[in-house]
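1. got a predicted structure here, sequence first:
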Amino acid sequence: MRLNQTEFAKLGGGSLRSQIEWEKGNAFPNAKFLNKIAEAGADVNYILTSVRYNAIANEPAEYMVLNKREQALLANYRAIDDEGDKRLIERTAQLAAEPGHIEVKQNKKGEK
């Protein structure tokens, strides 16, 4: 968001002093503040947990957090044009169909 502490605090209706205390861990912002900064585009999950979450609905929890490699893959995908998108989809489908390229994960009950 490229805001300094004062600007960020004002964005959520807080003060610079409060912002400093929150950053030190001496106090915590209230829900009203968090809601205001979320409406302005801040990633509240990241602010509270230091973990970025993917907003894909109805996905298993293991897909909610992208590792660095997955983030890079997604960034590259978003940077390509429509023709590249089509070729990438085709190629990944080919790889997934080849033996040895699919890792079958088991759930906690040992089921595939």
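-> Arrived safely. Residues are numbered from 1 along each chain as shown.

2. list the buried residues in the helix or strand of the chain with the lowest mean pLDDT.
-> Every helix and strand in the chain was compared by mean pLDDT, DSSP states H and E; the lowest is helix 44-49, with a mean of 84. Neighbour counts over helix 44-49 (16 or more other CB atoms under 10 Å) mark Val44 as buried. For glycine as for every other residue, the C-beta is placed from the backbone atoms N, C-alpha and C.

3. could you point out which element follows it?
-> helix 68-79 (DSSP states H and E).

4. can you state the direction angle for the longest helix seen in the chain and helix 68-79?
-> For the chain, the longest helix by residue count, based on DSSP state H, is helix 82-97. Angle, helix 82-97 to helix 68-79, by axes from the mean of the first three to the mean of the last three CA atoms, to 10 degrees: 140 degrees.

5. assign the residue of the chain positioned farthest from its centre to helix, strand or coil.
-> The C-alpha centroid of the chain is most remote from Pro99, which lies 31.3 Å away (CA atoms, centre = their mean). Secondary structure state of Pro99, per DSSP: H, G, I helix; E, B strand; the rest coil, is coil.
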